[in-house]
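Enquirer: Give me a model of this one.
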Amino acid sequence: MTDILGPLAPEWLRTERLVLRRPEPRDLEPYGSFYASKRSAMVLGPMDRPEAFKSFCLEMALWDIKGFGNYTLLRHEVPIGLAGVWHPEAWDEAEIGWLLWEGHEGRGYATEAAMAVRDLLEDLGGPPPVSYIDPANHRSKAVARRLGARFERHHPRWPHTEI
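Expert: Now for the predicted structure:
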């Protein structure tokens, strides 16, 4: 997966209700607010502002280095979360992931965005991605099931997650 997407991944996608676009500096505020919240505990948070800033910089840098990454999800031009391909240097396989900012859950946005990313990966001929999900995150597990995913194993580096 490291090179399969290369610069072929479009910088934006459109679904029925969402625009998925490459992150921009203006997305730092909602990103930082999410990672400052307790809700981010299921996705390696919470983080203080300097940690969230570094994490956001990595989100943006992956696009320049690898030609793909997470998209910022927009609903009526308002950022509501992230979804995309996460594959930093030390990871052995790519992950398709998603998260929504407070107040945007339960409307199918994560599923809609993740399906668009999954379909893009299939169209580009990439291998099936994994998703690392906290076992207590029942909403994310439901999204994964709607994507056709199935539990394979616990990740050895993160035994508290399921993939």
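
Enquirer: the helices in this protein, which residues?
Expert: 28-36, 49-66, 109-123, 138-146 (DSSP state H).

Enquirer: okay, those in CSV with distance to residue 74 next?
Expert: The way it works is simple: take the backbone N, C-alpha and C, and place the C-beta from them, glycine included. As requested, the helices of the chain are exported to CSV (distance: least, Cβ to Cβ, whole Å):
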stretch, distance to residue 74
helix 28-36, 11
helix 49-66, 15
helix 109-123, 10
helix 138-146, 18
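
Enquirer: Check those helices for me and report the most buried one.
Expert: Of all the helices of the chain, helix 109-123 has the most neighbours on average by mean count of other Cβ atoms under 10 Å, namely a mean of 20.

Enquirer: Next, the angle from that one to helix 138-146.
Expert: Per axes from the mean of the first three to the mean of the last three Cα atoms, to 10 degrees, the angle that helix 109-123 makes with helix 138-146 is 40 degrees.

Enquirer: packing partners for helix 109-123?
Expert: strand 12-14, strand 19-21, strand 70-75, strand 78-86, strand 95-100, helix 138-146 (3 or more Cβ pairs under 8 Å, 6 or more residues apart in numbering; DSSP states H and E).

Enquirer: Low-confidence bits of this protein, can you list those?
Expert: Along the chain, the parts satisfying pLDDT under 70 run over 1-8, 156-163.

Enquirer: ok, now with 50
Expert: Scanning the chain for pLDDT under 50 picks out 1-2.

Enquirer: And stretch 134-143, end to end?
Expert: Using Cα to Cα, to the nearest Å, the end-to-end distance of stretch 134-143 comes to 13 Å.
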